[in-house]
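> Mind folding the following:
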Amino acid sequence: MRIIIAVMALAAASAQAAVYKWTDGNGTVHYSDHPHQGSAQMQSVAEHPNAANSAPGLTSAERAALRRIRSEEDARLKARQEAHDRERKAAEANTASKEYCYRLDRQIQDYQERMERGGSQSDLDHWQKEIDLYRSRERERCHTG
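Predicted structure coming up:
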């Protein structure tokens, strides 16, 4: 649910974006998604990047610039979403791994306590095998010595 809200918020933020056209001192026309400081000739070409195909009075270069900016915004949004997904999956895997290691440790402690209380030789042998098994798993998955 949080992901949907985040995507909607980012989409709303990008919907507010303007595209600016300005001309530098050499007469070269530039397009940007933010105003250029100190530019004498600066204008907002469109208030929304989707307007590239429907905005009347835009040149083909302006439409192409709007499509490029929209494509860049989409790529940035996708990259942020993918990074968020990777972080979330890593956190979930880390949590699951910690829980698994905690359970192994508890099992080892349980069998050690049983051995301290004593029992038949077959019980003691069985419990020692269980301890060895859990320690082996702990070394493999929990990076312990």
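> any chance you could map the strands in this protein?
If DSSP state E is used as the criterion, the strands of the chain fall at 19-23, 29-32, 42-46.
> what pLDDT, on average, does the last one get?
With pLDDT averaged residue by residue, strand 42-46 scores 54.
> Y31: neighbouring residues, count only.
Close neighbours of Y31, defined as other Cβ atoms under 10 Å, add up to 16. Bear in mind the C-beta positions are built from the backbone N, C-alpha and C, glycine included.
> Likewise for Q81?
14.
> Quick check: the gap between it and Y134.
39 Å (Cβ to Cβ, to the nearest Å).
> Stretch 30-37 spans what distance, first to last residue?
From its first residue to its last, stretch 30-37 covers 13 Å (Cα to Cα, to the nearest Å).
> Give me the average confidence score over it.
Rounded mean pLDDT across stretch 30-37 is 70.
> Can you list the low-confidence ranges for the chain?
1-19, 22, 33-34, 36, 38-56, 144-145 (pLDDT under 70).
> Regarding it, what is its longest helix?
Longest helix in the chain, counting residues (DSSP state H): helix 60-117.
> what packs against it?
helix 2-15, strand 19-23, strand 29-32, strand 42-46, helix 121-142 (3 or more Cβ pairs under 8 Å, 6 or more residues apart in numbering; DSSP states H and E).
> If we use 6 Å, what do you get?
helix 121-142 (3 or more Cβ pairs under 6 Å, 6 or more residues apart in numbering; DSSP states H and E).
> hmm, who's touching the helix it packs on?
C101, L104, Q107, I108, Y111, R114, M115, T144 (Cβ atoms under 6 Å, 6 or more residues apart in numbering).
> Make a PyMOL selection of whichever of those turn out to be buried.
Buried subset of these, written as a PyMOL selection, criterion 16 or more other Cβ atoms under 10 Å:
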select buried, resi 101+104+107+108+111+114
